[in-house]
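>>> sequence and predicted model, in that order:
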Amino acid sequence: MKLAARAIAAVLATALATIMTLTTAQAAPPVPYTVQVVTCDLVGAGTDARIEARLNGTISSSPWLGLGNPGDYHENGRVDTYNFVAPYLGPIQSVDIAVNPGGDPWCLDEVVVRGPDGVTVHPHHNWVRRAYPKSVPLRLPAA
């Protein structure tokens, strides 16, 4: 009987520790992130398509982040910089890119992310010639 009580107490203690960890992680203050999107320096490399990004860290992922409104963003040879505040995600491992259907082809050079754990570079160095919906985004791992 004592052995069973100890086993139950151990399971409950582990469950409580897990809940406390999750609650603490969710209550963490937001931190700043900077995302730089580099478009290739080629004729016709730019696009006016709607672009969104999601940062994937070791702890969690950010919500989808709108990277400008359709217009003069993502032009050839341009570096577009976006600043966001999000919960701490852990070291950034990849960036997901969603591109709306109907946009022009776009030559994405790389995405650079600056956060509390330093800088990560997510190279692509290629054309994005089709739509990538949020359900099946283009995933760029860190170099």
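Cool, the structure landed.

>>> show me the contacts for the residue nearest to the spatial centre of the chain.
Centroid-nearest residue in the chain: residue 55, 1.0 Å away (criterion: CA atoms, centre = their mean). By CB atoms under 8 Å, 6 or more residues apart in numbering, the residues touching residue 55 are 33, 35, 61, 62, 65, 86, 89, 92, 95, 113, 115. Heads up, the C-betas are built off the backbone N, CA and C, glycines and all.

>>> what about 10 Å?
Going by CB atoms under 10 Å, 6 or more residues apart in numbering, residue 55 touches 33, 35, 61-65, 84, 86, 89-90, 92-96, 111, 113, 115, 120, 122.

>>> try residue 42
76, 77, 107, 109, 127.

>>> so for it, what's the pLDDT?
pLDDT for residue 42: 95.

>>> doesn't it lie inside a strand?
No. Counting by DSSP: H, G, I helix; E, B strand; the rest coil, residue 42 is not found in a strand; it is coil.

>>> and stretch 90-101, what's buried?
90, 92, 93, 94, 95, 96, 97, 98, 99 (16 or more other CB atoms under 10 Å).

>>> correction: stretch 65-84
Going by neighbour count (16+ other CB under 10 Å), the buried part of stretch 65-84 is 65, 67, 73, 74, 78, 80, 84.

>>> now intersect these with the strands, please.
Mapping the buried residues of stretch 65-84 onto strands (DSSP state E) picks out 65, 80, 84.

>>> for residue 67, see how far away the second one is.
Which is residue 80. Applying CB to CB, to the nearest Å, the value for residue 80 to residue 67 is 7 Å.
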